[in-house]
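[1] Need coordinates for the following:
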Amino acid sequence: MSWTIRTVLLLGVLTGLLMALGGLIGGTAGMLVGLIFAGIMNFISYWFSDKIVLSMYGAREIPYEEAPWLHDMVAELAQRANMPKPPIYLVPMEQPNAFATGRGPGHAAVGVTRGILELLDREELKGVLAHELAHIKNRDVLVASIAATIAGAIGFLANMAQWALFFGGFNRDEEEEGGGILEVVSAVLMIVLVPIIATIIQLAISRAREYLADETGAKICGCPEALARALKKIHEYVTKIPAPVNPGTAHLFIENPLKGEGLLELLSTHPPTEKRIERLCKLAREMGKECII
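    Residues are numbered from 1 along each chain as shown. Predicted structure coming up:
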């Protein structure tokens, strides 16, 4: 199953959860209220995400004269990806990392940290930049915004449901005699479990898009083994060099800048680095290349 199809299926499940919770509260009207509320919140982040994120990390655009080799590298990759060359920003951060932000080709930017420019060789950096261009090409910010809108609406409706339950139950379109304790227990379980399930699905969508960006980026640059080496290096340094990153933007980076253990790792926006490297090495061998990590 392709990562695109998997994303569509996961978004479908999220929509189903939204409809179920909306129906619990107030039928179609309840569902629409939550969706509109969450949509307004995410509309701003979608249209202005690039400016917000770049400003948040004090990034500055790198002029061509400062790093012509970097601009030429991105221009070559963008041409291979059949998309406009995005502007490149330097993030004053020692942790080696990179991210793409913006709503799609022609309205995006790529950010690289000072640390990643010092750590990786040119071939490895090309793999990382190709990964970020893949996110732009695949319109992953749009997908993430849709998932966040639905998940946010579910959270909003769950909060409404708690208050509805507290103040005397739910309004039903059809006439019903009280369902007793079983109905109350079912409602409580939905209120508690549905937002948790929605969050897990949202994270699964993010992880699926990372796998897709790895695959697409590797094909753009033609060097999956170089991207695999880069991921290994970045992963090792991220655990050693902390970064002042807003958790709400952690999913943008090529490697989760807020590494965690145990449950935190399970709730990560990124798939395990080891599995990403394994998949990239498999792709490299299919392309007739060696992958020595």
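[2] Strands of the protein, start to end?
    60-61, 88-91, 98-104, 107-113 (DSSP state E).
[3] how about the ones you listed in TSV, adding mean pLDDT and mean neighbour count?
    C-beta here means a position set from N, CA and C on the backbone, and glycine is covered the same way. Output for the strands of the chain, formatted as TSV (pLDDT from 0 to 100; neighbours: other C-beta atoms under 10 Å):
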stretch	mean pLDDT	mean neighbour count
strand 60-61	97	12
strand 88-91	97	22
strand 98-104	88	22
strand 107-113	94	23
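[4] Which one of those lies nearest to Arg279?
    Comparing those against Arg279 with C-beta to C-beta, the closest turns out to be strand 98-104 (19.1 Å).
[5] Please enumerate residues in contact with the closest one?
    Taking C-beta atoms under 8 Å, 6 or more residues apart in numbering as the criterion, the residues outside strand 98-104 that touch it are 46-47, 49-50, 53-54, 86, 108-113, 116, 128-129, 131-133, 135-136, 139-142, 249, 252-254.
[6] on that earlier part again, ok, which of the strands of the chain comes nearest Leu77?
    The closest approach between Leu77 and any of the strands of the chain, judged by C-beta to C-beta, belongs to strand 107-113 at 9.8 Å.
[7] and the angle for that closest one with strand 98-104?
    Put simply, strand 107-113 runs at 170 degrees to strand 98-104, going by axes from the mean of the first three to the mean of the last three C-alpha atoms, to 10 degrees.
[8] just how off-centre is strand 107-113 within its chain?
    Once both centres are worked out by C-alpha atoms, centre = their mean, to the nearest Å, strand 107-113 turns out to sit 15 Å from its chain's centre.
[9] Turn the strands of the chain into a markdown table, including distance to Glu290.
    Output for the strands of the chain, formatted as a markdown table (distance: least, C-beta to C-beta, whole Å):
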| stretch | distance to Glu290 |
| --- | --- |
| strand 60-61 | 37 |
| strand 88-91 | 30 |
| strand 98-104 | 25 |
| strand 107-113 | 27 |
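[10] And these: which comes nearest Ala213?
    Ranked by C-beta to C-beta, the member of these that lies closest to Ala213 is strand 98-104, at 8.7 Å.
[11] Would you map the helices across the stretch 1-150 of the chain?
    In order along the chain, the stretch 1-150 of the chain carries the following helices (DSSP state H, counting those that start in this stretch): 3-56, 68-80, 114-119, 122-137, 140-166.
[12] counting contacts, what elements does the fourth one pack onto?
    If I follow you right, that is helix 122-137. For helix 122-137, the packing partners by 3 or more C-beta pairs under 8 Å, 6 or more residues apart in numbering; DSSP states H and E come out as helix 68-80, strand 98-104, strand 107-113, helix 114-119, helix 180-221, helix 224-238.
[13] now do 6 Å
    With contacts defined as 3 or more C-beta pairs under 6 Å, 6 or more residues apart in numbering; DSSP states H and E, the secondary structure elements packing on helix 122-137 are helix 68-80, strand 98-104, helix 180-221, helix 224-238.
[14] Next one: the spatially closest residue to Ile136 that is not a sequence neighbour from Arg276, what distance?
    Taking C-beta to C-beta, 6 or more residues apart in numbering, and ignoring the residues beside it in sequence, Ile136 has Ala108 as its nearest neighbour in space, at 4.4 Å. Counting by C-beta to C-beta, to the nearest Å, the gap from Ala108 to Arg276 is 22 Å.
[15] and what of Ala284?
    13 Å.
[16] who's more crowded, those two?
    More neighbours sit around Arg276 than around the other of Ala284 and Arg276, counting by other C-beta atoms under 10 Å; the figures are 25 against 21.
[17] still on that earlier bit, would you mind saying which of the strands of the chain lies nearest Lys232?
    Ranking the strands of the chain by their distance to Lys232 (criterion: C-beta to C-beta) puts strand 98-104 first, at 14.9 Å.
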